[in-house]
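Asks: give me a model of this one.
(one chain, ligands or ions: 4)
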Amino acid sequence: MHSVPRRNATSPRRLAAWLSCVLACTGAGGAIAADGPQHVPSPDWRDQVLYFLMIDRFANGDPGNDDQHAGEYDPADGAKWSGGDLRGVRDRIPYIKALGATGVWITPPVANQWWNPRSHYGGYHGYWATDFSKVDAHFGTLADYQALARTLHGEHMVLVQDIVVNHTADFFKYDAPPDANDPAKGLAFVRDTQGQGAPTQAPFDRNDPRDPAQRAQGIYHWTPDIRDFGNDTQRLDCQLAGLDDMNTESPEVRRALRASYGQWIRDVGVDAFRVDTAFYVPPAYFLDFLHADDPQAPGIARVAAETGRKDFHVFGEGFALDKPFDDTQARRIDAYMRTPDGTRVLPGMIDFPLYGTALDVFARGAPTAQLGDRIRRRMQVHADPWRMPTFIDNHDVDRFLAQGDETGLKQALLMLMTLPGIPVIWQGTEQGFTDMRGSMFAGGHGSGGRDHFDQTAPMYQYLQRVIGMRRGDTLFSRGTPTVLRENTVGPGPIAWRIRGEDGAIAVVAINTADHSVLLDNIDTGAPPDTTLSTVFAIDQEIPSIAVDANGRSTTVLPPRSGVVWKSLGEVAADEFRVRPPTIDAMPQQVFTGDFTVEGTAVGAEPVRLVIDDDAVHGRTVTPKDGRWEAKIDTARMVDPNVEHTVVAYERASKNASERRTFKVARAWQAADSVDDPQGDDTGPSGRYTYPLDAGYATHPGDIEHVDVSTSGGALRIAIRMRAISTAWNPPNGFDHVAFSIFIDLPKPKGGARAMPLQNAELPDGMSWDVRLRANGWTNALFSSEGASATAEGTPVVPAARMQVDAKTRTVTFTLPATALLRATDLEDARVYITTWDYDGGWRALAPDAGPHAFGGGDAARDPRVLDAVGPIDIP
Ligand SMILES: [Ca+2]
Ligand SMILES: [Ca+2]
Ligand SMILES: [Ca+2]
Ligand SMILES: [Ca+2]
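Replies: Ligands and ions are numbered 1, 2, ... in the order given. Predicted coordinates for the structure are as follows:
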């Protein structure tokens, strides 16, 4: 399968052979899937690429099981079942295999609550079990599931089943905190449309604490919803979003879960488990789950070993994102893989912090140094990052393409395929989906009425190519990365070297900026005086590069590009005879305005000053008598904490000087300060009411005060709120509100009047050039190009920097000039600020408020605006 070229035995022919293997390894597609064994040995998990799909939304192989007549089926309604099933998955294995995936991760196939009248939502996703040991009637039969496993194994692919050990479906609730001595007090049952008030499987059917025998049995924790995610007891023992929390300390519960899940390995041939909501169960639970020495219900690693699986993989979901340059959450995640004394717990956890950083850097234009730092930390914090699944999209988060563009997505996927981890592709990413849970099949919700199994789709073909590269060379799946270059200021270069187990070397370089960047003197690790050959490039052609006598390379990377160079051992022509230019040491390190640098250069070739890796916008100077000097423009340098860099680059000889660093502390000028009344968070009509969920009781959408300030072309907007909520543990530091901020810049003519997806137009003849949308999980910026009442516009990077001060209830957005279409001056700019709420889309509006819908309006007609301030004029 793998052709690993030797570094000292390479020729162009060898490179061509390697590339053609890469193409062959991805498979031709379209072939009919073959049947194989029920059980196969464990693969080397480091080399796997998983395709994650939601059974109900993927493919429908049997229309006869779609509607089980409990009022649960309606593809027009995203809250209901759409009809996908296991037979449909099996039919589409050739499509998944041709993409290059080596395995399929399916959402839980077990029997679920079909419709919950209380939450007005169905269990189509599989995470609301009523019986952990049976296949849901919508998904087919046990025989269908066994056939899926055999077919995957016949195609040399693996089957990963999603499992839940924290909760069942929602059958009971507490409206008030329960009496610790009597869990029956205040408990109310939720009867579903199947007529059930409890799961059907023993012992989980024993959920009534009013019965002394059931109460003594203690199958549940009988607790209310988690209100404070920072409280460990609540997190582990209370209900997550209303889902009945199982007592995972109970030996009876543990035994029943081991027996249920062991059966899927033994009877079906499942090759790995993904554990949902692992953070809501203590790590110690999993030691029992994996290794219990119980002849009736052995730990599932023991069951797996009996079927010939020596390395049964189990990876957990710990949904937590880290702040930039922090690894608090990564350490929490690591605690589920090993205890403080080094005992291994789960063999893997999904790498959420890497996902969060990848989105910030590739979709939102955050400084690439955030990714450099993340790569270093994940290698430091985790003992085995090679077995941690990595991802860009999943079934619970806004898609990348809902906040970033296709080039950014391609860059993020190149990152996944060249770092340790098990890359996971969520269904639809390969078809350019923007809808989080859109169906792949024509009959399903959000499909737009057509099938999406298009193997000619541009993102499908890109993924084929980049997965093929990873699978064609274990250097990429088993190597160790070292970060070589990163940008502390904003979009720009990020480069890392990968060293393989056998010493092979590759260099990955990505430029997230809209302009060319200089990679000066990067320490490639390749042998001196050799060539690093281009083995992959995203869109543009990028040439191979020469390595100098010290193992260093200097080259210019085109805008928004990505490349992988590999050391194939070729000797390079000597290009480095001329002495490089130099920069004199700087007299000080912090500047308050523009300043001058100087240095030396041999000859009369012009020298370009490269500031913060930007190979385009820096000044070009011609040396005189061996010396040069140039002024540094600091207008766009608005963050006093950032370390800037300057390099002198001589294009003719491809020689770069040493790097010098400095900081700039420019002043901000107050532009306007506006008070806004309390209690006007009732929409333009004055009749809107908040959703009924208790989290809205504090009026989290009510703006009290706005301060606007500027520094050159940079804008800062500080918004004081009536209340800041963090009930859902949002990574951005606030929830239950989303901001939509419109900026009318002085320079560009035109712009848009429509407020996209908000059913409104800007007041006072204002039109916007740049629009910011942010909530607890997202932070996106758009230009008005392509914007309309129904389209958000074109994503812009970098996005705003966001800071939340909980004490002063203030959310501050800082937009560097680069985010404002490179503005130099904001005189006469206008700003309009609105609040609403956003959860994968703007929150619903209805005549009467619901648990998660605003009330007092007509969704078809009325504006999605709760509170509004402005237009604020910048003098
Ligand atoms: Ca079906
Ligand atoms: Ca419940
Ligand atoms: Ca729990
Ligand atoms: Ca207000």
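Asks: can you get me a residue count around P481?
Replies: Residue neighbour count, defined by other C-beta atoms under 10 Å, stands at 19 for P481. Yep, even glycine has a C-beta here, placed from its N, CA and C like the rest.
Asks: equivalent analysis for the one 5 residues further on, please.
Replies: Taking other C-beta under 10 Å as the neighbour definition, E486 ends up with a count of 21.
Asks: again with T620
Replies: 12.
Asks: ok, now which ones touch it?
Replies: When contacts are counted by C-beta atoms under 8 Å, 6 or more residues apart in numbering, T620 touches 606-609.
Asks: please redo it, this time with the cut-off set to 6 Å
Replies: For T620, the contact set (C-beta atoms under 6 Å, 6 or more residues apart in numbering) comprises 606, 608.
Asks: what bridges to it?
Replies: Counting by DSSP bridges, T620 is bridged to R608.
Asks: can you give me the pLDDT of it?
Replies: The score at T620 is 94. That number is its pLDDT.
Asks: go on, E575?
Replies: E575 is given a pLDDT of 60.
Asks: likewise for P606?
Replies: pLDDT, read off for P606, is 91.
Asks: same check, this time on F171
Replies: 98.
Asks: my guess is it meets A198, correct?
Replies: Yes - with contact defined as C-beta atoms under 6 Å, F171 reaches A198; the gap is 5.3 Å.
Asks: can you pull the buried residues of stretch 375-389?
Replies: By 16 or more other C-beta atoms under 10 Å, the buried positions in stretch 375-389 come out as 375-378, 381-382, 385-389.
Asks: pLDDT of stretch 514-534, averaged?
Replies: What stretch 514-534 shows for mean pLDDT is 96.
Asks: all helices for the stretch 301-450 of the chain, in order.
Replies: Taking DSSP state H, counting those that start in this stretch, the helices of the stretch 301-450 of the chain run over residues 328-334, 352-362, 369-381, 406-417.
Asks: give me whichever of the ones you listed is most buried.
Replies: helix 352-362 (a mean of 26; mean count of other C-beta atoms under 10 Å).
Asks: gap between it and the chain center?
Replies: 5 Å (C-alpha atoms, centre = their mean, to the nearest Å).
Asks: that helix vs helix 369-381, what angle?
Replies: Interaxial angle, helix 352-362 versus helix 369-381 (axes from the mean of the first three to the mean of the last three C-alpha atoms, to 10 degrees): 160 degrees.
Asks: and the contacts of helix 352-362?
Replies: 319-322, 329-330, 366, 368, 370-371, 374, 378, 390-391, 408, 411-412.
Asks: whichever residue of the stretch 51-200 of the chain sits closest to ligand 2 and ligand 1, how far apart?
Replies: Among the residues of the stretch 51-200 of the chain, D170 lies closest to ligand 2, at 3.8 Å counting by C-beta to the ion. Distance from D170 to ligand 1, counting by C-beta to the ion, to the nearest Å: 24 Å.
Asks: coming back round to it: and of the helices of the stretch 301-450 of the chain, who's closest to A292?
Replies: helix 328-334 (23.4 Å; C-beta to C-beta).
Asks: what does that closest one rub up against?
Replies: So helix 328-334 is in contact with 318, 320, 322, 349, 353, 381-382, going by C-beta under 6 Å, 6+ apart.
Asks: ok, stretch 187-199 next?
Replies: 70-71, 113-116, 118, 130, 168, 170-174, 205, 207.
Asks: hmm, back to that, now the two most distant members of the buried residues of stretch 375-389.
Replies: Once C-beta to C-beta is applied, the buried residues of stretch 375-389 give R376 and P389 as the farthest pair, at 19.9 Å.
Asks: residue contacts, I350?
Replies: I350 neighbours (C-beta under 6 Å, 6+ apart): 317, 389.
Asks: let me fix that: V563
Replies: Applying C-beta under 6 Å, 6+ apart, the residues near V563 are 509, 537, 542.
Asks: which one of those has the most neighbours?
Replies: Result: A509 is most packed of the contacts of V563 (other C-beta under 10 Å), 26 neighbours.
Asks: for the closest residue to it other than its chain neighbours, which three-state class applies?
Replies: Closest residue in space to A509, ignoring its immediate chain neighbours: A495 at 4.1 Å, by C-beta to C-beta, 6 or more residues apart in numbering. State at A495, reduced to three classes by DSSP: H, G, I helix; E, B strand; the rest coil: strand.
Asks: gap between E252 and A259?
Replies: 11 Å (C-beta to C-beta, to the nearest Å).
Asks: more neighbours: which of those two?
Replies: Taking other C-beta under 10 Å, E252 and A259 do not tie; A259 has more neighbours (17 against 14).
Asks: wait, isn't that one in contact with A297?
Replies: Yes - using C-beta under 6 Å, A259 is in contact with A297, at 4.1 Å.
Asks: check the gap between the residue nearest to A509 and I510 for me.
Replies: 7 Å.
Asks: quick one: whichever residue of the stretch 251-400 of the chain sits closest to ligand 4 and ligand 2, what's the gap?
Replies: Closest contact between the stretch 251-400 of the chain and ligand 4, by C-beta to the ion, is at D398 (26.9 Å). Distance, D398 to ligand 2, by C-beta to the ion: 26 Å.
Asks: equivalent analysis for T620, please.
Replies: Applying C-beta to the ion to T620 and ligand 2 gives a distance of 67 Å.
Asks: for R470, what are its contacts?
Replies: Contacts for R470 (C-beta under 6 Å, 6+ apart) come out as 417, 476-477.
Asks: am I right that it is in a helix?
Replies: Yes - applying three-state DSSP, one finds R470 inside a helix.
Asks: that one and F476: what is the separation?
Replies: For R470, the distance to F476 equals 4 Å [C-beta to C-beta].
Asks: what's the answer for F229, then?
Replies: Distance of F229 to F476, computed by C-beta to C-beta: 36 Å.
Asks: which of those two has more neighbours?
Replies: The neighbour count for F229 versus F476, taken as other C-beta under 10 Å, is higher for F476 (24 against 18).
Asks: now the strand or helix carrying the more buried one: average pLDDT?
Replies: Using DSSP states H and E, F476 sits within helix 474-478. What helix 474-478 shows for mean pLDDT is 98.
Asks: can you check stretch 808-817 too?
Replies: 93.
Asks: run through who's touching it.
Replies: Here stretch 808-817 makes contact (C-beta under 6 Å, 6+ apart) with 636, 638, 713-721, 724, 800-804, 823.
Asks: now with 8 Å, please.
Replies: 490, 635-636, 638-639, 704, 712-724, 733-734, 739, 741, 743, 770, 772, 774, 781, 798, 800-805, 823-824.
Asks: repeat that for stretch 533-550.
Replies: By C-beta under 8 Å, 6+ apart, the residues outside stretch 533-550 that reach it are 10, 15, 18-19, 407, 410-411, 414, 462, 465-466, 469, 506, 524, 526-532, 553, 555, 557-558, 561-568, 570, 572-573, 575-576.
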